[in-house]
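> Next comes the sequence, and after it the predicted model I'd like to discuss.
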2 protein chains.
Amino acid sequence: MSSCICIPHAILLPSKTNWNSSKSNNGRRQGHCTDVPRNVNMENLQSGYLFPEIFRRESEHIVKYPDASLIRLGIGDTTEPIPDIITSAMAEHAFALSTVKGYKGYGEEQGNMALRKAITENFYKDVGLKSNEIFISDGAQCEISRLQMLLGSNMTVAVQDPSFPAYIDSSVIVGQAGKFQPETDKYKNIVYMNCTPENGFFPDLSTTSRTNIIFFCSPNNPTGHAASWQQLKQLVEFAKANGSIIIYDSAYAAYISDASPRSIYEIPGAREVAIEISSFSKFAGFTGVRLGWTVVPEELVYSNGYPVIKDFDRIVCTCFNGASNIAQAGGLACLSPDGYQALNSVVGYYKENAKIIVDTFESLGLKVYGGKNAPYAWVHFPGKISWNTFAEILEKTHIVTIPGSGFGPGGEEYIRVSAFGHRECILEASRRLKNFYT
Amino acid sequence: MSSCICIPHAILLPSKTNWNSSKSNNGRRQGHCTDVPRNVNMENLQSGYLFPEIFRRESEHIVKYPDASLIRLGIGDTTEPIPDIITSAMAEHAFALSTVKGYKGYGEEQGNMALRKAITENFYKDVGLKSNEIFISDGAQCEISRLQMLLGSNMTVAVQDPSFPAYIDSSVIVGQAGKFQPETDKYKNIVYMNCTPENGFFPDLSTTSRTNIIFFCSPNNPTGHAASWQQLKQLVEFAKANGSIIIYDSAYAAYISDASPRSIYEIPGAREVAIEISSFSKFAGFTGVRLGWTVVPEELVYSNGYPVIKDFDRIVCTCFNGASNIAQAGGLACLSPDGYQALNSVVGYYKENAKIIVDTFESLGLKVYGGKNAPYAWVHFPGKISWNTFAEILEKTHIVTIPGSGFGPGGEEYIRVSAFGHRECILEASRRLKNFYT
């Protein structure tokens, strides 16, 4: 099973650096200190960002069990080769950069118009978006921070609980979140919209406070739940009634198997209330290639009537300089008929993995959510602290998962299991889990 | 001269969108308005970001003179093919992504360690930096904004005047700059360090107010001046005495022809006071490929002794996800002995262009700065408003330059002329300028 062995990133991370190396034995610092105060928002940020923390734990585990064959179903990192048609397009673009005719320098900060058109055509043909409303990014996570720069510190924010940590962490960094409250494991000024099996993984909007911004991810990371058309209609109506802006993260839309909307713009009126961020990462295996996109409709305006798209364009021009032109050439190939078909096969492969994982945990008598419309299974271990479940699974089966509480207090008692992996690793993981738990 | 004709980006920019399309004839908006206030910092940002504004002017010019052969010496965009050895490495990396063995997903957010080591070895061998102090970015401009997120709104900032607009614009966006004051063309809370021929393009530090952050670019964009060792020693001592942090932009270091330092870390003590940002853009023609790096030394600490590198690492993990792995493979090839040698030839070509440009303007009796240690000539038109000079040159010679005042009030009376371009374009530009001005 050597194909399942992973060298964790953590061994390369500066987190191993001894930050106290410049301090003497009595703890007082030697040498020059600047008079620059540390950003209070950074001080307010709790513990490590989740995924590097997972890497750190992996790394410790490898040191403890150097001969173990580790299976990483933690961070949702794609593992299957990118179809030839796509990498050939990127290679061709790279080669062309060595020719007088093919060389290109700066592209449009907003992205190559051919790609913006292809995205419009492939994903938004039926909902009336225009290519100039599509902005090419280097991925959804980076774009979340740029959107936070756009919005600034004076915003109230709601997030699904549990949710992808970058929403909250970026809120803290720009100063929207208020103080962290250890007693609730929540930031004071953030509205946590609890999403549980009991409410169909959709918040009770009748008791949800009004905020300027609502981060909403569907299919959801980590629960794997894809919001239904009716749920999203409620969400858009709620945003409209409250004058809020939804930042809708559809990075996992390609994994939807049923009739759930793949874009917030399938809901009437969403153009006036929603920004959508999406990504080639999980759809095309571009986690390392880095490519995504963001939709900002022209109709979306601030309270003073000023178009959000105009400020976002300014952010993109000032704080970004466009995604790599080679990655963009790859994105265009992803959206060609043959590229798209090849990618659907890869997505199908991961969905089969997801089914194996869901079946495994269900066979152990556990309640499992997700896995149908998303590459994540969300497994309930009633009454158990999720970091303990994470540690137990790692210790006993050498499988890395993610503790649900890393996604917010609403994730407690759950673990997230990623369906990204070679089939033999998934099958081996299934065997180990069954052996350990039965 | 069709090789000099350029299709400007501006025709694709949303700036042409009619933002008032959702307003009725009496100017009142129709349809839904959110209750989300526009970010006051964005409101505070003056006019358009310089380079898109230049594109817009170009575009208007092309509409007016559709048959003119435009020569773009405005935005500093590389034009010469990237050496084969580098694009082949990128193509090879792309192809490998289609293989089980060569496929890679997420990389380290801080960048591929082999590349971080190569940068350390190539650029910082003699100044004692370590690879874990190097962070790979997608370019210096993007990194400036991430650094601003790191620092937050409660920072006082100094910039060279004139300077690359992203320093000030990003300061405005995060709320450091204070109100814009039309009477001085300056933001209230920013310290403008005037850099003119009279002071050797180096600020009079004896009259410069203390700030938390000092942005300093050398070789400078736009003046082309490379600060001397003595000047940088003064700067480091000034920062040390004031407890300030220097953010040193060395994106044009490859263009240095004389003994000027290529890194701030050549100055003793700089490790305790300076961050350095740099880029493959102008050194390797990677303006569209997107790759750069940032150095944050372990010794650099906030006033409370907390290491800046630790917070920056957190920013990189939360707000960035690493540069494209294909671009990073290209970066590694740039730093191979053959890649480096090939790139030096390209840099040499642009430097010859710069000499032609400098000689041209000097032959017209104008005083020209820069061009020796940077790919920019900084040409003085005494008593003339720089936007007028820009417009006159564009109108009469179909050559795009950049008006100096776009880089700050200290750039008034100057234009910046880029040396990036095919040789025949540079020679043709020289002919046209001589024809028009003599």
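Right, received. Where do you want to start? Just so it is clear, the structure is predicted and the values come from calculations on it, not from any experiment. Residues are numbered from 1 along each chain as shown, chains lettered A, B, ... in the order given.
> CA only for contacts and neighbour counts going forward, please
Fine.
> Quickly note the distance from the residue lying closest to residue A:88 once chain neighbours are set aside to residue A:294.
Of all residues not flanking residue A:88 in the chain, residue B:95 sits nearest, at 6.5 Å (C-alpha to C-alpha, 6 or more residues apart in numbering or on different chains). Taking C-alpha to C-alpha, to the nearest Å as the measure, residue B:95 and residue A:294 are separated by 27 Å.
> still on that earlier bit, can I get the helix or strand harbouring the residue nearest to residue A:88 as PDB, trimmed to CA atoms?
For residue B:95, the element it lies in under DSSP states H and E is helix B:84-96. Only the C-alpha atoms of helix B:84-96 are listed here, as PDB (Å, rounded to 0.1, in the frame of the first residue of the first chain):
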ATOM      1  CA  ASP B  84      12.800  27.600 -24.000                       C
ATOM      2  CA  ILE B  85      14.500  26.000 -21.000                       C
ATOM      3  CA  ILE B  86      11.900  27.700 -18.700                       C
ATOM      4  CA  THR B  87       8.800  27.100 -20.700                       C
ATOM      5  CA  SER B  88       9.800  23.500 -21.300                       C
ATOM      6  CA  ALA B  89      10.000  23.000 -17.500                       C
ATOM      7  CA  MET B  90       6.500  24.500 -17.200                       C
ATOM      8  CA  ALA B  91       5.200  22.300 -20.000                       C
ATOM      9  CA  GLU B  92       6.800  19.300 -18.500                       C
ATOM     10  CA  HIS B  93       5.200  20.000 -15.200                       C
ATOM     11  CA  ALA B  94       1.800  20.400 -16.900                       C
ATOM     12  CA  PHE B  95       2.200  17.100 -18.700                       C
ATOM     13  CA  ALA B  96       3.200  15.400 -15.500                       C
END
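> any residues touching it, and which ones?
A:84, A:87-88, A:90-92, A:94-95, A:97-98, B:102-103, B:326-327, B:329-331, B:333-334, B:338-339 (C-alpha atoms under 8 Å, 6 or more residues apart in numbering or on different chains).
> same check, this time on stretch A:356-365
For stretch A:356-365, contacts defined as C-alpha under 8 Å, 6+ apart pick out A:367-369, A:371, A:377, A:379, A:417, A:419, A:426-427, A:430, A:433-434, A:437-438.
> All the strands of the stretch 251-400 of chain A, in order from the start?
Counting by DSSP state E, counting those that start in this stretch, one finds strands in the stretch 251-400 of chain A at the ranges A:274-279, A:292-295, A:367-370, A:376-380, A:399-400.
> what element comes up after the helix or strand where residue A:146 lies heading to the C-terminus?
Assigned by DSSP H and E, residue A:146 falls within helix A:140-151. Where DSSP H and E defines the elements, the next helix or strand beyond helix A:140-151 is strand A:157-161.
> Any residue of that next one touching chain B?
No: Strand A:157-161 stays clear of chain B (C-alpha under 8 Å from any C-alpha of the partner chain), getting no nearer than 11.1 Å.
> for that strand, packing partners?
helix A:165-174, strand A:190-194, strand A:213-217 (3 or more C-alpha pairs under 8 Å, 6 or more residues apart in numbering or on different chains; DSSP states H and E).
> Can you redo the ones you listed as a markdown table, where the extra columns are mean neighbour count and mean pLDDT?
Shown next, in a markdown table, are these (neighbours: other C-alpha atoms under 10 Å in any protein chain shown; pLDDT from 0 to 100):
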| stretch | mean neighbour count | mean pLDDT |
| --- | --- | --- |
| helix A:165-174 | 24 | 96 |
| strand A:190-194 | 22 | 98 |
| strand A:213-217 | 24 | 98 |
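> Which one, of the ones you listed, ends up nearest to chain B?
helix A:165-174 (6.2 Å; C-alpha to the nearest C-alpha).
> Please identify which of the helices and strands packed on strand A:157-161 is closest to residue B:162.
Proximity to residue B:162 (C-alpha to C-alpha) singles out helix A:165-174 among these, at 28.4 Å.
> Which is the succeeding secondary structure element to the helix or strand bottoming out on mean pLDDT in chain A?
Least confident element among the helices and strands of chain A, by mean pLDDT, DSSP states H and E: helix A:50-64 (a mean of 90). Counting by DSSP H and E, the next helix or strand C-terminal to helix A:50-64 is strand A:71-72.
> what is the mean pLDDT for that following strand?
Mean pLDDT, strand A:71-72: 96.
> List phi and psi for the residue in the stretch 101-250 of chain A positioned nearest to chain B.
Going by C-alpha to the nearest C-alpha, chain B is nearest to residue A:243 of the stretch 101-250 of chain A, at 4.1 Å. Main-chain dihedrals, residue A:243, degrees, to the nearest 10: phi 70, psi 30.
> Now the helix holding residue A:146: average pLDDT?
97.
> swap in stretch A:268-285?
Across stretch A:268-285, pLDDT averages out at 98.
> what about that stretch and chain B, touching?
Yes: using C-alpha under 8 Å from any C-alpha, stretch A:268-285 reaches chain B at A:272-273, A:285.
> Around the spatially closest residue to residue A:112 that is not a sequence neighbour, count how many other residues there are.
Excluding the flanking residues, the one nearest residue A:112 by C-alpha to C-alpha, 6+ apart is residue A:328, at 7.2 Å. Neighbour count of residue A:328, defined by other C-alpha atoms under 10 Å in any protein chain shown: 28.
> Spit out the contact partners of residue A:328.
Contact analysis of residue A:328 by C-alpha under 8 Å, 6+ apart lists A:111-112, A:115, A:291.
> neighbour-wise, which of those residues leads?
Most neighbours among the contacts of residue A:328, by other C-alpha under 10 Å: residue A:291, with 26 neighbours.
> Can you tell me the closest non-neighbouring residue to that residue?
In space, and not counting its chain neighbours, residue A:291 is closest to residue A:138: 4.2 Å by C-alpha to C-alpha, 6+ apart.
> Specify the angle between the helix ranked longest in chain A and strand A:376-380 in degrees.
Using DSSP state H to assign secondary structure, the helix with the most residues in chain A is helix A:337-363. Angle of helix A:337-363 versus strand A:376-380, following axes from the mean of the first three to the mean of the last three C-alpha atoms, to 10 degrees, is 10 degrees.
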